[in-house]
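Asks: any chance you could fold what I've pasted below:
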Amino acid sequence: MCAGVLFLEAIVLGLATPVMIQVEGVAPGLALLCGLGLAFVAVVTSGLLRHPWAYAIGWLVQVGAVALGLLLPIAFFVGGMFAALWAAAYFLGRKIEADRAANPEFYAR
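Replies: Have a look, this model is predicted:
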């Protein structure tokens, strides 16, 4: 679930880059660095989630997405939505994994 959230977030972050440049008047270099940089980190992190440390990077992506609101005000809202989705996927995923570990006979089917 977390990988899906990060991948969809990467698409939104990438599409936010031209909006920052054209609508908000952010310098192109800064917009590319922030928007596409965060999108790149999100895509790479979604592929690395088999490692426990990658989840910390996922949380940092959420912080970065919300902080993008300093350049593009609507990103406060969109970043907050993705942070909520990330938190739900993270905590529900942990709960499912704990349940699977506690009941292996049920999931062996």
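Asks: what comes up buried for the one helix or strand V41 maps to?
Replies: Applying DSSP states H and E as the criterion places V41 in helix 37-47. Neighbour-count burial for helix 37-47, counted by 16 or more other CB atoms under 10 Å, picks out 38-39, 41-43, 45-46. Yep, even glycine has a C-beta here, placed from its N, CA and C like the rest.
Asks: and the lengthiest helix in the chain, which residues are buried?
Replies: Criterion DSSP state H: the longest helix present in the chain is helix 74-102. Of all the residues in helix 74-102, those buried under the rule 16+ other CB under 10 Å are 75, 78-79, 82-83, 85-86, 89-90.
Asks: output the contacting helices and strands for it.
Replies: Packing contacts for helix 74-102, counted by 3 or more CB pairs under 8 Å, 6 or more residues apart in numbering; DSSP states H and E, involve helix 2-22, helix 54-67.
Asks: checking the residue of the chain positioned farthest from its centre next. Helix, strand or coil?
Replies: Farthest-out residue of the chain from its mean C-alpha position, per CA atoms, centre = their mean: E105, at 33.6 Å. Three-state call for E105 (DSSP: H, G, I helix; E, B strand; the rest coil): helix.
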